Structures are given as structure tokens and as C-alpha cells.
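Chemist: structure for this input, please:
(chains A and B)
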Amino acid sequence: MALRFYNTMTRNKDDFQPIQTGKVRMYTCGPTVYNYAHIGNFRAYIFEDLLRRYLKFKGYQVVQVMNITDVDDKIIRDANKTGKSIREFTKSYQDAFFEDLDALGIERAEVYPAATDHIPEMVNLIKSLLDKGIAYRTDDGSIYFRVSDYPAYGKLAHLNIAEMQRGARVQSDEYEKEEIRDFALWKGWKDDDGPVYWETEIGKGRPGWHIECSAMSSKYLGKHFDIHTGGVDNIFPHHENEIAQSEAGTGEKFVNYWLHCEHLMVEGDKMSKSAGNFYRLRELLDKEIDATAIRYVLLSTHYRQKLNFTFDKVEAAAKSITRLRDFKKSLIGNTINDSQQIRKIIDKYLNDFEATLDDDLNISGALGSVFSCIHEINTFRETNSLTEDDVQAIVEYLNRIDSVLNVLEVPENQLSDEEQTLIDARQQARAERNWAEADRIRDELLSRGIILEDTPQGTSWKRKI
RNA sequence: GGCGACGUACCCAAGUGGCUAAGGGAGCGGUCUGCAAAAUCGUUAUUCACCGGUUCGAAUCCGGUCGUCGCCUCCA
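Modeler: As a prediction, the model looks like this:
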């Protein structure tokens, strides 16, 4: 089966065909670095990580660009409040963002362009829109995109903009524009902006929000590229406006496939910074919640489904991960002969894994096939022993699926001297058949998050996640 | 007001016209174990919000009802 994605533009699952054979160029909307990101934001980045990893699994070379928005209204407001320059102000949040990506096992994109490093590119694009007469200036030095000059406006969001309620929300009117639906390409400097401005050929001011994505995507991916992603709330107006700017500016088609990720909910409501009902990743990590378990929760529900975040799910995820890891750990081969049966099982389930993910990244189905595979191997093991070749084949299979899932690797950790001493003492107690003492030590270690497992090969330990 | 999504077991969640309705968590029963834990095996929905229709056949298509949520404004 061919790889296909649900394309917001066509509202259909379209077969995926890259522009250039074997290579995928994608742009993923990134963070606005004015605060720490919450796990709703990370749901989108995890979805993009899945997309990226799966494209690589399929053998594509991937070039991913993720923007860092380091100038916007909120950044200016908050930076000016603290008296810092916006660069100083955003630096720590940007660093935190990358730390969080690492914690969640999100693979790095090829390029993370910052908006403030690309003012000339944006100015050039705005100039060309002015030259074409699609953009206009207002008295306050701002520049707007004239939506009425771009008839295709609304094709992504499927909104009939002309029919939209006018004046339902009359803007605070800091800027004047011809029509309410026109949007800012460039915002002329005003007092509130303080030290934040650029002196450019198109005047003194700063870029509008949407223009950075148009300018930076074309710089790093070309005017026409394969995939553009973001959260569903970006469909309108952000992506609609990007299309308008880019296609009006270049006269070429902008993007082939638009993929949008649904929201994360908390107790049934959308989680967002403005609603105040959000969890920051680092708050959860500070509570000793395992990062991989959070990754699993965010990953394991299909990206176009709303996902209600609960701690029950985190717990269930931790157990699922433990089961996968324990299975891998339990693989021991006894003889060297190859058994065709294991190869057959693996081939079947690896095919399933790929076929389900091919269908618009059906991760739940793919995970289902992984667990079914494990189950079938375990059943086989009940009455047969695995050979070394079997074990090698299974490990290869697990590594292959984990190149997409990235949950199997156990973080490096070691026992403290004290913990090791306790384990030794328990061994001693067991040898003396002092079960009461052995059980007491086992309970004590458990309360420290260490689980002991007594097996015929001896006692092993692992950290609870 | 306009546009759209969703409602599957105790919880989560696949499946979108036809084999016994995936899989995970939880519960229960067995194996293992000094006992546990972990692991593992088995088991848990005649039924897919409700009502009607199309069809030889529907969780899956169509119409309606109820409920939940999102977008139309900064947002992943």
C-alpha cells in the first residue's frame, strides 16, 4: 500500500508523492519563545517527530525546517516589562525548548531559523508584494496584504471570508487597514514597541507574524515544497495567510500536503496558554513523571484525534513501555539454528506495522501490531526455545520499529552505593533464608523506585517509570 | 450565526460496507516464585450514543435526534 496523508487542503487522504524522488522537504511551525512550552505544544512536535521518523523509515531523505518565532506582540510586551532586549529575553526559553525536545526524544530538524535572523528575507518578500500592488501602506508605517486581490483566499480553511461576520470582533484598531480581513505584513513602529524595531527599506518597524514562515520556508526549502504542518488552530488564519503571501509573491504553488494535528485537551477542554489550563513539560518532569511515558501518551493516539491528557494515561503508557522493554530484555537464545517460524512472524508483523502507518500514520494500529507480534513470539516460546538467530531477528525488528517509536531505549542509570548495599544485604538474607528481612529490604527499595525481580539467573533490578 | 470533528467494553483506543469488533491499561483465573513483584498464558462488547432508512449484508453509507469539543481572535 502506498503512503498517504490526510491533506487539509483537499480534505482527503491523498497518496504521497514527493516533488523530488526520494527526498521530502517539510516545514513545521515551531514555538513562540516567550515562555516554557506546554505539553499541548509538544503534542504537535511529537506528531511531527513521528512523521519525520516514519518518512525516514520509508527511506526518504528528510529536510525539515522549524521556525523559532522570537519577535511578536507578547515577546515585546514581556521583554519590555523586564527591561531586557528581546534577544536576551527569548534566549532562555529557546534553550529550554531544545532541552524539552531532547527529554521527549524528538529528533532534531535540519534547520531552526529564528525570525529575527531573517528580517532582510521578509523585507524582500514584502517589497515584491508592494511592487505587485497586492500590499499597501498605511499612515502609521504598517504594510497590509490586500485579501481582495487574492481571490483564492480561504481555500485551505474552507471559510467563506466574504461572508464571515464582520465586526463581531472589532479589533482594538491599533492599526488602520482597508478591510478587516486584511492582515499585517509589517507593523510600523509605535511607542509601546520601545527599542524593538528594524530600520529597513520599507520603513521602521517589525514583521507581522505570518511573513516569517513564508520567507524562511522559501529560503531553506524553495518556493514549492512537499509538506507543511502545524496545529489545527494554525489553519486559520496563519496558514491561510502564508499561502496568500507566498503564492501571491511567487506565483507558484506553495505546498503540496498540509497536515494538521488536533488539540490536546485537559479534562475535556482545549489546553492553551490563554485559557490557563495547561501543564508545562518541565513541571511534569519535576514531579518525577517519566518523559518517555509522556512521549508515549502524546504519540499513541492518532494525530487527528483530540487527545484528553490524564495521569491514568501516563501510568498506562509507562506500563506499556515497561512491557516492551522487558520483552527485549528477556530475549535469550540457546542454540544457533535458525527457525523459519520466527522470521515468518516478524515479517508478517513488520508488514502490518508499515501498512497501518502508511495509512495516514495510524499509530494505534501500528502499536497494536507490535503487541500482537510480541504475543505471538511469547506463545511460540512457551513450547520452543529461541535460537540465537531468532533473537537477532527479533532485536532487529524491535530496533526497526523503535526507529519510529523511540521508546525502547532505557536511560542510563546506575545504583547508588547505598542501593547496591541494600541489594547485597538482601541477597545475603535470602541465602540465609531470612525471608522477613529480604522482603523488608525489597519493600524499601521499591519505595525508592527500584523494582527487584528474582529469576533463576539471579536477581535483577530496574527503575520504576 | 457560519464551518467542522467526535460519541466503540470498567478506562484508553484501532477498525469506515461482508472473515470470530485490533491492541494497551485494569479486573478475574492459571503458570512461574520461598512468598511476592515482574513476566507470561487464558478470560472480560451477540455489540459499536439513540431513532429511522439504503443494502442480501452497516460500527462502517444516508437522514434525523441527543451529547461533547474545536475553528471563525493570539494559539500547536
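Chemist: what comes up buried for whichever helix or strand A:Arg77 is part of?
Modeler: Per DSSP states H and E: A:Arg77 is located in helix A:73-82. Burial within helix A:73-82, assessed by neighbour count using 16 or more other C-beta atoms under 10 Å, is assigned to A:Ile75, A:Ile76, A:Asp78, A:Ala79, A:Asn80. From N, CA and C alone the C-beta is placed, and that goes for glycine too.
Chemist: ok now that helix, how far from the chain's centre?
Modeler: Distance, stretch centre to chain centre, for helix A:73-82: 26 Å (C-alpha atoms, centre = their mean, to the nearest Å).
Chemist: give me the residues contacting that helix.
Modeler: Residues from elsewhere that reach helix A:73-82, judged by C-beta atoms under 8 Å, 6 or more residues apart in numbering: A:32-34, A:69, A:85-86, A:88-90, A:192-196, A:206.
Chemist: just the closest of the residues you listed to RNA strand B, please.
Modeler: A:Thr32 (4.8 Å; C-beta to the nearest atom of the strand).
Chemist: from the recorded domain assignment, give the ranges for chain A.
Modeler: As assigned by automatic domain parsing, chain A contains the domains A:4-270, A:329-405, A:417-463.
Chemist: get me the contact residues on the stretch 201-350 of chain A for RNA strand B.
Modeler: Applying C-beta under 7 Å from any atom of the strand, one finds that the stretch 201-350 of chain A approaches RNA strand B through A:209, A:230-238, A:261, A:263-265, A:268-274, A:301-302, A:305-308, A:310, A:312-313, A:315-316, A:319-320, A:322-323, A:326-327, A:330.
Chemist: list the contacts for the residue nearest to A:Gly30 when sequence neighbours are not counted?
Modeler: The shortest distance from A:Gly30 to any non-neighbouring residue, by C-beta to C-beta, 6 or more residues apart in numbering, is to A:Met66 (4.0 Å). By C-beta under 8 Å, 6+ apart, the contact set of A:Met66 is A:Tyr27, A:Thr28, A:Cys29, A:Gly30, A:Glu48, A:Ala109, A:Val111, A:Tyr112.
Chemist: wait, the third one touches A:His238, no?
Modeler: Pointing back at A:Cys29 there. Yes. Using C-beta atoms under 8 Å, A:Cys29 makes contact with A:His238 at a distance of 7.3 Å.
Chemist: and stretch A:31-51, what's buried?
Modeler: Neighbour-count burial for stretch A:31-51 flags A:31-34, A:36-51 (criterion: 16+ other C-beta under 10 Å).
Chemist: which of these come close to RNA strand B?
Modeler: A:Pro31, A:Thr32, A:Ala37, A:Gly40, A:Asn41, A:Arg43, A:Ala44.
Chemist: of the residues you listed, which is the nearest to A:Asn334?
Modeler: Checking those against A:Asn334 with C-beta to C-beta, the nearest one is A:Arg43 at 43.5 Å.
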